[in-house]
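>>> sharing a sequence plus its predicted fold:
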Amino acid sequence: MSGTPSGVVLFHGAGGDRDHRLFLKLEEALDLPVARCNFPYRDKGPGRRPPDRMPKLIESIRAHAERLGDEWGVDPGSLVFGGRSMGGRACSMAVAEGMAAAGLLLLSYPLHPPGKPEKLRTEHFPDLDLPILLVQGHSDPFGKEPEFAEHLPAIPGAVEQLWLDRTGHDPVEKHDDTVIDGVRSWLASL
């Protein structure tokens, strides 16, 4: 897929929802349609619930892709998919399983659980042959820059990286403008 993407579809992390501060700002700042999506477990009403299992998350992403393609009158493969932490990981796994996409926007990708660097979430990396923007905090306990440097070469697609100083898994608000500028620039390059 080449050319300007038709839109951006964002999914939240395990403890978040579609109204994450950065998602709202991206929706306002980008010149493309932005869909902020909840996973099914988040739509079950108030209260904390554990995330759905990965197959159900991936199924939800595929359903959103089809719905948004119809709603926006575009090929779902012309959309950029991604999100925060678990949401970005689930999108990357949907793409690895064959879902077409113009690119992946991975915000705070959970390379491994905190304190468990041996439990890598990289087995699908060789199936990601598309442009990717990875945005990570230098202090993220889910993966540090040297760990990503070791595993990102397994991805055949072009991976652009944006590393944020003095921030962890949920980058602090002062980095929002840097992230938005990075996303805008990356989208323009597709």
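That came through, no problem. Residues are numbered from 1 along each chain as shown.
>>> for the rest of this, base every contact and every neighbour count on C-alpha atoms.
Fine.
>>> which residue ranges of this structure form helices?
Under the criterion DSSP state H, the chain contains helices at 21-29, 54-72, 86-96, 145-151, 176-189.
>>> out of those, which is closest to residue 48?
Go through those one by one with Cα to Cα and the one that ends up closest to residue 48 is helix 86-96, at 15.8 Å.
>>> quick one on the thing from earlier: quick one, which of the helices of the chain is packed in tightest?
Mean neighbour counts were compared across these using mean count of other Cα atoms under 10 Å; the top stretch is helix 86-96, at a mean of 25.
>>> show me what stretch 111-128 is in contact with.
Under the criterion Cα atoms under 8 Å, 6 or more residues apart in numbering, residues 92-93, 95-97, 110, 141-143, 148, 151-152, 154-157 lie in contact with stretch 111-128.
>>> thinking again about what came up before, in CSV: the helices of the chain, plus mean pLDDT and distance to residue 124.
As requested, those are arranged in CSV below (pLDDT from 0 to 100; distance: least, Cα to Cα, whole Å):
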stretch, mean pLDDT, distance to residue 124
helix 21-29, 97, 25
helix 54-72, 98, 13
helix 86-96, 98, 6
helix 145-151, 97, 11
helix 176-189, 97, 23
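>>> closest to residue 80 out of the ones you listed?
Within the helices of the chain, the stretch nearest residue 80 is helix 176-189; the backing value is 8.7 Å (Cα to Cα).
>>> the inter-axis angle of the closest one versus helix 21-29?
Between the direction of helix 176-189 and that of helix 21-29, the angle (axes from the mean of the first three to the mean of the last three Cα atoms, to 10 degrees) works out to 50 degrees.
>>> may I have helix 176-189 exported as PDB, CA atoms only?
Below are the C-alpha coordinates for helix 176-189, written out as PDB (Å, rounded to 0.1, in the frame of the first residue of the first chain):
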ATOM      1  CA  ASP A 176       2.200  15.200  23.800                       C
ATOM      2  CA  ASP A 177       3.200  17.900  21.300                       C
ATOM      3  CA  THR A 178       6.400  15.900  20.400                       C
ATOM      4  CA  VAL A 179       4.400  12.800  19.800                       C
ATOM      5  CA  ILE A 180       1.700  14.600  17.700                       C
ATOM      6  CA  ASP A 181       4.400  16.200  15.600                       C
ATOM      7  CA  GLY A 182       6.200  12.800  15.200                       C
ATOM      8  CA  VAL A 183       2.900  11.100  14.200                       C
ATOM      9  CA  ARG A 184       2.000  13.900  11.800                       C
ATOM     10  CA  SER A 185       5.400  13.800  10.100                       C
ATOM     11  CA  TRP A 186       5.400  10.000   9.900                       C
ATOM     12  CA  LEU A 187       1.900   9.900   8.400                       C
ATOM     13  CA  ALA A 188       2.900  12.500   5.800                       C
ATOM     14  CA  SER A 189       5.800  10.200   4.800                       C
END
